[in-house]
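Engineer: pasted the sequence and its predicted model underneath.
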Amino acid sequence: MFVSQILVDAPATARAIVTFGDSITDGDGSTVDANHRWPDFLAARFVEAGGAPVGVLNAGISGAKLLKDRMGVNALARFDRDALSIPGVGSVVVMIGINDIGWPGGVLSPSDPPVSAEDLIMGYRQLIAQAHVHNIRVIGVTLTPFEDTFKVVNPALDYFYNPEKEKTREAVNQWIRESKEFDGVIDFDALTRDPQRPSHIQAAFDSGDHLHPSDNGYKAMADSIDLRLLTEQH
């Protein structure tokens, strides 16, 4: 709890990739102390691939939001500290926004108005602009399905999903895929959704709360990434 960062000697060819997000990047739902988060599996793939060394840094914070503080400061406020200022960083993978959509209207944010797709897009554009000032590539990740989130785990949190919030998620994902404003896109939504019920995570990847993937889900997410997308020069 007292260590905030470890810096190590590295050859000039080494590079760092920061995975920046919320609990899905933090690894909620994976086996504790097993290093089965999707950034862990991604790091293992780089080791297996050989070549110049690549460090994968996990800047996921459970409960984190893009636009507002709560469980940690908002993404806009911490982006420079947790991602852009990391020595050797060449690419940042951004997956955040589902808590902005899900929290309003319930016990965690009872007085917050609904967040629109336009609100989130404005936030993403600020992250992209910050990264490009530093000549760092920023990869956008689609938001994964969340129907029935926490419904079984805690009925008091059943408000997290509703059809209007799903429309916001779909609009955000469409923008991430089609706007071309990110330097690349990773489509975790297309990978993890149930083909028969696209607003719901498929059972094979579900940790049980219908939001966070299981170990199998996290591995599938990491395995779906084209490593070249993360190592291209800006």
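Structural biologist: Great, that's in hand.
Engineer: show me where the protein has helices.
Structural biologist: 23-26, 38-49, 75-79, 98-102, 117-133, 163-178, 188-192, 215-223, 227-231 (DSSP state H).
Engineer: which residues does the third one contact?
Structural biologist: This points to helix 75-79. The contact list for helix 75-79 (Cβ atoms under 8 Å, 6 or more residues apart in numbering) reads 20, 64-67, 69, 72, 94, 96, 123, 126-127, 130-131. Just so you know, the C-beta spots here come from the backbone N, C-alpha and C atoms, and that holds for glycine as well.
Engineer: just name the most buried of the helices of the chain.
Structural biologist: helix 98-102 (a mean of 27; mean count of other Cβ atoms under 10 Å).
Engineer: got the contact list for it?
Structural biologist: 22-24, 63-68, 70, 115, 119-120, 143-144, 146, 149, 160-161, 165, 168-169, 172, 211.
Engineer: nearest spatial neighbour of the spatially most central residue of the chain, skipping sequence neighbours?
Structural biologist: Nearest to the geometric centre of the chain sits residue 95, at 2.5 Å (Cα atoms, centre = their mean). What sits nearest to residue 95 in space, not counting adjacent residues and going by Cβ to Cβ, 6 or more residues apart in numbering, is residue 141, at 3.6 Å.
Engineer: neighbours of that neighbour, just the number please.
Structural biologist: Residue 141: 27 surrounding residues under other Cβ atoms under 10 Å.
Engineer: who are the contact partners of it?
Structural biologist: Per Cβ under 8 Å, 6+ apart, neighbours of residue 141: 21, 93-95, 176, 185-188.
Engineer: for it, name its beta-bridge partners.
Structural biologist: Beta bridges link residue 141 to residue 186 when assigned by DSSP bridges.
Engineer: now do it against residue 34, distance only.
Structural biologist: Distance, residue 141 to residue 34, using Cβ to Cβ, to the nearest Å: 22 Å.
Engineer: ok, residue 4 next?
Structural biologist: Counting by Cβ to Cβ, the gap from residue 4 to residue 34 is 23 Å.
Engineer: ditto for residue 173
Structural biologist: Residue 173 is 29 Å from residue 34, by Cβ to Cβ.
Engineer: need the contact list for residue 187.
Structural biologist: 141-142, 177.
Engineer: rebuild these as a markdown table, extending it with distance to residue 59 and pLDDT.
Structural biologist: As requested, those are exported to a markdown table (distance: Cβ to Cβ, whole Å; pLDDT from 0 to 100):
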| residue | distance to residue 59 | pLDDT |
| --- | --- | --- |
| 141 | 13 | 98 |
| 142 | 19 | 98 |
| 177 | 23 | 98 |
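Engineer: can you redo those as a markdown table with distance to residue 104?
Structural biologist: Shown next, in a markdown table, are the contacts of residue 187 (distance: Cβ to Cβ, whole Å):
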| residue | distance to residue 104 |
| --- | --- |
| 141 | 22 |
| 142 | 21 |
| 177 | 24 |
